[in-house]
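K.L.:
Would you be able to build a 3D model of this:
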Amino acid sequence: MKKKSKVYWQCVCFALLVFTTQASSWASVFCVPCAPLDCETGRSVWDFGGWVNAGIMANQYGQKDTYVAGSNPNNNDLVPGNTGHLKNLKHSSFQMNQLWFYGEKQRNRRILDIGARVEFTYGVDGRHFQAFGLDRSNTTGKRWGTGDYYASLPQMYAEAGYGNFSVKAGKFFTVMGLDSSCAPNRFFYSTSYENQTYIDFGGVLATWEVNPNFTIFGGWVNGEERFFTDSHHNAFLGGVNWKLFPNLRIDYSTLIGKDEGENEREYFVNSLVVRVNLSKRWDYAFAWLLRNEKYEAGECGGRYGINQELFYTVNNRWQLGFGAEWIRNYNWDYGYVQDLTYGVYSFRLGANWKPTSHFTLRPEIRYDKFDGAAPFKGETKSGQFLYGFSGVLTF
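P.N.:
Numbering: from 1, shown residues only. As a prediction, the model looks like this:
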């Protein structure tokens, strides 16, 4: 009797094993209803993940971080030792730039469906992703966080669509520029000057994928780095993504807007990015930026320039990169440069080592040179070397 019982349970276990190993292939045939699987791919429509980005960046003068005298204590504006734009503020000390989590529901393109994405980050970079009216106060400027570390919701939007057409509403990243603000999508630890021109928006954006190689997008945004609570800011954001050839892609974006009220201004931004796969090992990217602003008193300001990056793939674990950038600023106040009209040159040399698919180590050397301004070493030096490394762990 016991022997028959043992044989019976062995048969049951064998049947369960066969069923579980074949479930994925059966799901592609009998996928009705689709949720929680995507009928086209057989994968879950829900996606969760994130990453940790941390490292050390030092400057040659040992310049420390200092908070701006007389600034709003809730605002926590500071003049970082490693310059005010590089998203690696602290000098010669370990810092966690991004502890990032995301959750996303992918929409089903075969029917009229709704998707969504929410992201949360905490770290030194957190202050760069905060928007007025959401994670930063419209009235007091108070942020989520204090000192060096801040929290924010970089993206929070819903997306409805059918087929190749969709409309998203909420807070989302800009489609402009060469550098990504997300650490795993950027080769270098430091960021470019171009990257600081545009980060994220709150608004409504429509996207139409005309074909696999050509996409058009456009919509309304509530100014720059703002959510929906302040109605005195209106702008158009639009452009195209065009893959001309298998090894050539062009992305063009424009932002045209006006801020009304106490600090009235009009602005016009153009961004052109060209990416070229030169060969099996060489890749090249070029970005052109033009930004013009006209203020209430009739004065004008802005910036223009180019950013270039060249990469060489050694093998599946090592990649080398070189970046060169030139930006010309006129009547543009960074907050740590006394002269408002100047040019800046930057050069970056780095490497990416990927011992596994989930971890990347990024050493880097960088040199910045200002023409007509001296932001380094107590505003006495116009040039500065930066050196350091970071690690990115995805999950």
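K.L.:
which intervals of the stretch 1-150 of the chain have sub-threshold pLDDT?
P.N.:
1-44, 64-89 (pLDDT under 70).
K.L.:
So for the spatially most central residue of the chain, what's the pLDDT?
P.N.:
With distances taken as CA atoms, centre = their mean, Ser181 lies nearest the centre of the chain, 2.5 Å away. pLDDT for Ser181: 85.
K.L.:
That one against Phe173, yeah?
P.N.:
Yes. At 6.8 Å, Ser181 counts as touching Phe173 under the criterion of CB atoms under 8 Å. All C-beta atoms are positioned from the backbone trio N, CA, C, and that covers glycine.
K.L.:
Return every residue with contacts to both of those two.
P.N.:
Pro154, Ile199, Asp200 (CB atoms under 8 Å, 6 or more residues apart in numbering).
K.L.:
For those, which single residue is the most surrounded?
P.N.:
Pro154 (26 neighbours; other CB atoms under 10 Å).
K.L.:
Over to that residue. Which of the three states is it?
P.N.:
Three-state assignment for Pro154 (DSSP: H, G, I helix; E, B strand; the rest coil): coil.
K.L.:
can you pull the contacts of the closest residue to it other than its chain neighbours?
P.N.:
Nearest in space to Pro154, with sequence neighbours left out and distances taken as CB to CB, 6 or more residues apart in numbering, is Phe129 at 4.2 Å. Neighbour list for Phe129: Thr121, Asp135, Ser152, Leu153, Pro154, Ser181, Ile199, Asp200 [criterion: CB under 8 Å, 6+ apart].
K.L.:
Could you find which two of those are furthest from each other?
P.N.:
Greatest spacing in the contacts of Phe129, by CB to CB: Asp135 and Ser181 (14.9 Å).
K.L.:
in the host helix or strand of Arg348, what's buried?
P.N.:
Using DSSP states H and E, Arg348 sits in strand 342-356. Within strand 342-356, the residues scored as buried using 16 or more other CB atoms under 10 Å are Tyr342, Gly343, Val344, Tyr345, Ser346, Arg348, Leu349, Gly350, Ala351, Asn352, Lys354.
K.L.:
Need these in TSV (columns: pLDDT and distance to Gly141).
P.N.:
As requested, the buried residues of strand 342-356 are exported to TSV (pLDDT from 0 to 100; distance: CB to CB, whole Å):
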residue	pLDDT	distance to Gly141
Tyr342	83	27
Gly343	89	30
Val344	90	27
Tyr345	94	32
Ser346	94	29
Arg348	96	32
Leu349	98	37
Gly350	97	34
Ala351	98	39
Asn352	98	37
Lys354	97	40
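K.L.:
got TSV for these, with distance to Leu272 too?
P.N.:
Shown next, in TSV, are the buried residues of strand 342-356 (distance: CB to CB, whole Å):
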residue	distance to Leu272
Tyr342	23
Gly343	20
Val344	20
Tyr345	20
Ser346	19
Arg348	21
Leu349	25
Gly350	24
Ala351	28
Asn352	26
Lys354	30
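K.L.:
Looking at those residues, which one is closest to Gly388?
P.N.:
Gly350 (10.0 Å).
K.L.:
For the closest one, which residues are in contact?
P.N.:
Per CB under 8 Å, 6+ apart, neighbours of Gly350: Phe187, Phe188, Tyr189, Leu320, Gly321, Gly323, Arg362, Pro363, Glu364, Ile365.
K.L.:
Distance-wise, check Asp251 relative to Val274.
P.N.:
For Asp251, the distance to Val274 (CB to CB, to the nearest Å) stands at 8 Å.
K.L.:
Same drill for these two, tell me which one is more crowded.
P.N.:
Asp251 (20 against 17).
K.L.:
is Ile306 in a bridge, and if so with what?
P.N.:
For Ile306, the beta-bridge partners under DSSP bridges are Trp288, Trp326.
K.L.:
OK, contacts around it?
P.N.:
Residues counted as contacts of Ile306 (CB under 8 Å, 6+ apart) are Phe286, Ala287, Trp288, Leu289, Glu325, Trp326.
K.L.:
Phe389 now?
P.N.:
Gly55, Ile56, Tyr189, Leu361, Arg362, Pro363, Glu364.
K.L.:
Starting from Gln130, give me the distance back to it.
P.N.:
27 Å.
K.L.:
ditto for Tyr102
P.N.:
Tyr102 is 17 Å from Gln130, by CB to CB.
K.L.:
quick one: Asn195 and Asn185 touch, right?
P.N.:
No. Contact criterion CB under 8 Å: Asn195 and Asn185 do not qualify, at 11.7 Å.
K.L.:
Show me which of the two is the more surrounded one.
P.N.:
Asn195 (25 against 10).
K.L.:
any idea how far Asn222 is from that one?
P.N.:
Using CB to CB, we find Asn195 at a distance of 21 Å from Asn222.
K.L.:
Same check on Val269?
P.N.:
When distance is defined by CB to CB, Val269 is 16 Å away from Asn222.
K.L.:
Gly170 versus the closest residue in space to Arg226 that isn't next to it in sequence, what's the distance?
P.N.:
Leaving aside its sequence neighbours, Arg226 sits nearest to Phe132 (CB to CB, 6+ apart; 4.7 Å). Counting by CB to CB, the gap from Phe132 to Gly170 is 15 Å.
K.L.:
So in terms of bridging, what pairs with Thr95?
P.N.:
No, residue 95 isn't Thr; it's Gln. Bridge pairing for Gln95 (DSSP bridges) gives the partners Gly55.
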